[in-house]
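Q: need coordinates for the below:
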Amino acid sequence: MKAIRRFTVRTVLPEQLQPLHELALNLRWSWHSETRELFQSVDPEVWAATGEDPVRLLGEVPAARLAALAGDRRFLRRLGDLADDLREYLAGPRWYQSATPTGEEPLPAAIAYFSPEYGIAAALPQYSGGLGILAGDHLKAASDLGVPVIGVGLFYRHGYFRQSLSRDGWQQERYPLLDPDELAVSLLREADGAPCRIDLALPAGRTLAAQVWKAQVGRVPLLMLDSDVEANSAAERDVTDRLYGGGSEHRLLQEMLLGIGGVRAVRTYCRLTGHPVPEVFHTNEGHAGFLGVERIRELIAEGSGSAGSTGPAEGAAGTAVTEREKADGGLDFAAALESVRAGTLFTTHTPVPAGIDRFDRDLVARHFSGDAALPGVPVEQVLALGAESWRGGDPKLFNMAAMGLRLAQRANGVSTLHGAVSRSMFNGLWPGFDAAEVPIDSVTNGVHAPTWIDPAVVRLGAAEIGTERAEDAMTTGDAKRWTGLERIGNSEIWELRRNLRAQLVDEARRRVRTSWRQRGAGDAELGWVGSVLDPEVLTIGFARRVPSYKRLTLMLRDQQRLRSLLLHPTRPVQIVVAGKAHPADDGGKRLIQQMVAFADDPAVRHRIVFLPDYDMAMAQHLYPGCDVWLNNPLRPLEACGTSGMKAALNGCLNLSVLDGWWDEWYDGQNGWAIPTADGVGGVLDPDSAEADRRDDIESAALYDLIEHQVAARFYDQGSDGLPHRWISMVRHTLVTLGPKVLAGRMVREYVERLYAPAALAQRELAAPAEGGPPYQGARELAQWKARVRESWPAVRVEHVEAESPDEAQELGSTLALRVLVSLGPLEPTDVEVQVVSGQVDAADGISDAAVLALKPSGGPDIDGRTRYEGSLELCRTGPFGYTVRVLPAHPLLAFPAELGLVALPPESAGMDAGLLR
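A: Numbers count the residues shown, from 1 in each chain. Predicted coordinates for the structure are as follows:
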């Protein structure tokens with residue numbers, strides 16, 4: 001019989017145990033081992049049965065056990081100490097509070113961080129894969145460092161999905177309903193106790209309403225908007241039903257709620273709590289890009305006194321803002337755009353255009369016009385932000401990444417290689433500039449060490465360098481803190497690795513048994529499960545999402561060769577595989593089915609397993625327990641690939657294609673690089689014939705590496721039974737990669753290189769003129785940009801001449817350059833004339849370029865041309881060349897290429913503007 005209504009009955013804790021609620025409702029327990037150990041001691045059986053979830057534990061532990069704990073002085077003392085420790089963690093100064101600001105300017109008062117998913121803990125399943133795990137690690141590291149971040153996301157009532165397998169190995173999905181009362185979240189409420197409500201106007205007079213759940217991630221609040229409220233119709237209630245589900249309009253509404261509703265949720269939270277208002281807005285991928293449009297609306301509406309409104313009336317007609325209102329504080333669209341851009345950071349995570357959200361232009365227009373329009377924000381301006389205006393772009397589509405880049409003065413990729421790939425991919429937004437000059441930086445991702453390092457690894461390190469220093473090393477990313485780990489003995493390292501491998505074997509056997517029961521097998525058929533995997537055998541791990549470019553089945557290209565590796569008589573290998581395909585990706589599901597079919601073979605099933613339902617809980621066993629972490633994507637389609645970082649933190653060696661983070665940090669001693677068949681083709685189409693041939697070449701290289709290098713070194717043991725060369729690689733990995741792969745290092749880079757400059761730029765644009773309204777800088781910059789864009793067609797390089805026109809030049813000599821430039825109605829202060837020089841290729845393309853600014857010499861000549869002069873030093877031998885260009889220049893520009901405008905000389909501009917040999 002099925003219940004007609006479901007609700008949660010919560011346990012009433014004895015007064016002495018009330019601090020348990022405080023500890024349970026702050027997700028710091030998910031990475032604080034002592035707090036987790038306390039909850040486990042409450043009732044070990046219930047702790048395991050509830051998936052190690054403190055909130056569920058407190059709801060299900062027997063009352064008699066709670067009564068006993070209320071009288072247990074030792075337990076109460078531990079509880080009091082941990083509650084005090086949490087309060088000190090939340091209130092005390094940390095790295096950010098003592099960090100040196102840029103110049104005399106203070107660091108940002110707060111940063112709003114937007115992401116469509118967050119992987120905080122398995123007990124809060126609001127993530128699908130790497131993007132969400134990265135976002136969760138970002139918040140946790142920010143908390144540990146004391147960075148004042150506010151996280152913003154959506155609350156999905158069904159999360160992503162739980163995965164199981166059919167008898168024939170086909171992925172099956174189920175979406176269990178999440179009850180917020182059983183999660184570590186609380187409803188954001190107004191002062192009178194009423195739930196806060198965020199409203200978005202929709203077409204046809206409809207309204208999308210949402211409430212806000214708050215999860216406390218250490219010091220960081222995470223606000224999650226939930227559309228499952230009674231005020232909505234059935235369609236609107238389902239907007240946040242599941243992660244990455246539904247059709248195009250459903251996805252658009254999710255992204256509007258995340259971006260527009262997310263800004264309104266932040267404003268509401270700051271109003272209610274007194275939290276500092278964010279100066280910087282960071283959008284993690286393009287899904288939250290509409291946050292910039294909402295902030296433009298706020299600035300335009302400031303003069304009319306409606307900036308804080310969150311009700312459905314915002315979609316009403318008659319939204320024009322008068323010039324008087326603008327003078328009183330409100331801005332026009334162009335000035336508001338400049339202010340928003342200055343304080344916005346956009347992080348891209350995709351290396352291929354297919355990974356970008358794109359919507360039908362008419363669909364977007366319908367949701368930003370008429371009674372759904374944002375006051376003061378014309379729909380044409382919104383559409384222009386996402387237009388694919390570059391050569392080859394589709395004028396019928398609205399591109400979320402393009403909007404994100406146009407609304408952010410600063411942008412970055414998530415590894416050095418991905419930064420370069422992103423500059424090439426988005427080059428069309430900056431026409432006339434080489435890809436190397438596209439203003440997209442890179443900050444290599446990191447992982448939150450306290451979440452992903454096994455406690456046994458921490459204890460081993462702490463025994464050598466001390467507990468306090470070990471904790472600090474995991475938090476800050478300071479390489480000096482890791483000094484001393486190189487002294488850990490070989491026997492200690494090897495014993496640790498054996499114990500972690502044995503733990504993984506036990507966990508894998510439990511999961512294999514559960515999976516086969518779900519597939520219909522009875523206990524009588526499962527006697528073989530007790531011999532699955534061997535705690536003494538070299539163990540390789542492979543776990544991630546299953547799009548085709550990650551090549552789950554590359555290891556199956558030559559199945560006979562793989563069998564020989566698995567069953568080698570003296571140097572066997574065993575492989576643990578896990579991964580989920582998107583529910584709509586039948587191609588990915590077929591790859592899983594192929595892997596499962598191979599792993600089901602009785603001849604090898606004790607050496608290779610596929611574990612369904614890959615999530616954070618499984619990952620925390622996989623990374624420490626594997627000896628080698630395998631990653632074999634099609635290069636360069638892996639933006640970063642943080643799973644290998646988590647493995648490295650546990651002394652697991654990486655075996656990977658040189659892609660993402662591994663491309664910049666592989667040093668020959670911390671693992672192995674899988675050779676790639678560069679030049680074979682198929683890089684951007686994983687399903688092409690060329691990619692098929694490439695897979696054959698690279699899989700053969702993979703087999704050779706495993707057999708002749710990886711396994712050979714693992715089983716190369718000395719007289720004491722220890723593989724000394726292997727242990728040396730493990731130690732080297734911990735010491736050298738440990739501080740690099742940390743999320744603490746990543747967040748510090750964001751603060752110093754991106755957040756602080758963004759806050760400074762925003763303050764400069766928001767400052768008032770003396771005795772005038774605020775945002776004087778934004779108004780001036782917007783007016784200057786409009787004037788430059790209008791005048792730019794008249795800007796020309798008329799003539800270039802050099803003092804020494806000879807073909808051959810000597811190293812160290814100089815060329816005296818004179819350039820005549822027509823500026824039209826612009827002034828010399830509006831531009832910078834540059835000489836770009838460097839090594840040239842056979843087609844006269846300049847690489848490794850150096851830039852020299854020329855100085856104006858005298859006023860305009862009789863033809864209105866301005867002369868610029870300078871000396872170019874010939875500082876390198878070989879083929880050398882230069883060219884001249886004119887760029888817009890203004891003190892408030894962040895990058896020379898910001899406007900995407902450049903004037904280059906025609907071929908006839910001067911006989912000397914070219915190649916020097």
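Q: measure the closest residue to residue 767 other than its chain neighbours to residue 891 for me?
A: In this structure, residue 767 finds its nearest non-sequential neighbour in residue 777, 6.0 Å apart by CB to CB, 6 or more residues apart in numbering. In this view, the C-beta of every residue, glycine as well, is placed from N, C-alpha and C. Going from residue 777 to residue 891 by CB to CB, to the nearest Å gives 9 Å.
Q: out of the two, which sits in the busier spot?
A: More neighbours surround residue 777 than the other of residue 777 and residue 891, with 23 against 8 (other CB atoms under 10 Å).
Q: hang on, the more buried one in a helix?
A: Yes - checked against DSSP: H, G, I helix; E, B strand; the rest coil, residue 777 lies within a helix.
Q: check contacts around the nearest residue to residue 16 once chain neighbours are set aside.
A: Across the structure, with CB to CB, 6+ apart as the measure, the residue nearest residue 16 apart from its sequence neighbours is residue 70 (4.5 Å). Residue 70 sits next to 14-17, 76 when contact means CB atoms under 8 Å, 6 or more residues apart in numbering.
Q: residue 603: which of those residues is nearest?
A: Nearest to residue 603 among the contacts of residue 70 is residue 17, at 54.0 Å by CB to CB.
Q: residue 66 is in contact with the closest one, correct?
A: Yes - with contact defined as CB atoms under 8 Å, residue 17 counts as touching residue 66 (6.3 Å).
Q: pull up the distance across stretch 389-397, start to finish.
A: Taking CA to CA, to the nearest Å, the span from the opening residue of stretch 389-397 to its closing residue is 10 Å.
Q: how distant is it from the center of its chain?
A: On the basis of CA atoms, centre = their mean, to the nearest Å, stretch 389-397 sits 26 Å off its chain's mean C-alpha point.
Q: rounded mean pLDDT for that stretch, please.
A: For stretch 389-397, mean pLDDT is 94.
Q: residue 170 reaches residue 589, doesn't it?
A: Yes - with contacts counted by CB under 8 Å, residue 170 reaches residue 589, the gap being 6.3 Å.
Q: compare the two (neighbour count), which wins?
A: In this view residue 170 and residue 589 are compared by other CB under 10 Å, and residue 589 has more residues nearby, 20 against 14.
Q: quick one: that one and residue 711, what's the gap?
A: According to CB to CB, residue 589 stands 31 Å off from residue 711.
Q: again with residue 89
A: With CB to CB as the criterion, residue 89 and residue 711 are 44 Å apart.
Q: quick check on these two: which one has the bigger neighbour count.
A: Using other CB under 10 Å, the more surrounded residue of residue 89 and residue 711 is residue 711, with 21 against 17.
Q: show me what the host helix or strand of that one is packed against.
A: Element membership of residue 711, judged by DSSP states H and E, is helix 711-714. Helices and strands touching helix 711-714, by 3 or more CB pairs under 8 Å, 6 or more residues apart in numbering; DSSP states H and E, are helix 724-737.
Q: how distant is the helix it packs on from the center of its chain?
A: The chain centre lies 28 Å from the centre of helix 724-737; the measure is CA atoms, centre = their mean.
Q: isn't residue 856 right up against residue 866?
A: Yes - counting by CB under 8 Å, residue 856 touches residue 866, with 5.5 Å between them.
Q: who has more neighbours, these two?
A: Between residue 856 and residue 866, counted using other CB under 10 Å, residue 866 has the larger neighbour count: 21 against 18.
Q: secondary structure of that one: a strand, I assume?
A: Yes - the assignment for residue 866 by three-state DSSP puts it in a strand.
Q: gap between it and residue 889?
A: From residue 866 over to residue 889 the distance is 14 Å, taken as CB to CB.
Q: likewise for residue 630?
A: Separation of residue 630 from residue 889 (CB to CB): 50 Å.
Q: comparing those two, which residue is more hemmed in?
A: Neighbours per residue, other CB under 10 Å: of residue 630 and residue 889, the larger number sits with residue 630, 27 against 16.
Q: the strands in the stretch 151-300 of the chain, which residues?
A: In the stretch 151-300 of the chain, the strands defined using DSSP state E, counting those that start in this stretch lie at 162-165, 171-174, 186-187, 198-201, 207-217, 220-226, 280-284.
Q: and the second one, what's its mean pLDDT?
A: Translated: strand 171-174. For strand 171-174, mean pLDDT is 94.
Q: need the contact partners of that strand.
A: Strand 171-174 is touched from outside by 161-166, 580-581, 583, 589, 592-593, 612, with contacts defined as CB under 8 Å, 6+ apart.
Q: just the buried ones from these?
A: 161-165, 580-581, 583, 589, 592-593, 612 (16 or more other CB atoms under 10 Å).
Q: so for stretch 391-399, first residue to last residue, what's the gap.
A: Taking CA to CA, stretch 391-399 runs 14 Å from one end to the other.
Q: and if you look at stretch 384-404?
A: Its start and end residues considered, stretch 384-404 measures 12 Å (CA to CA).
Q: related to what we said a few turns ago, what residues sit buried inside the helix holding residue 711?
A: 711, 713-714.
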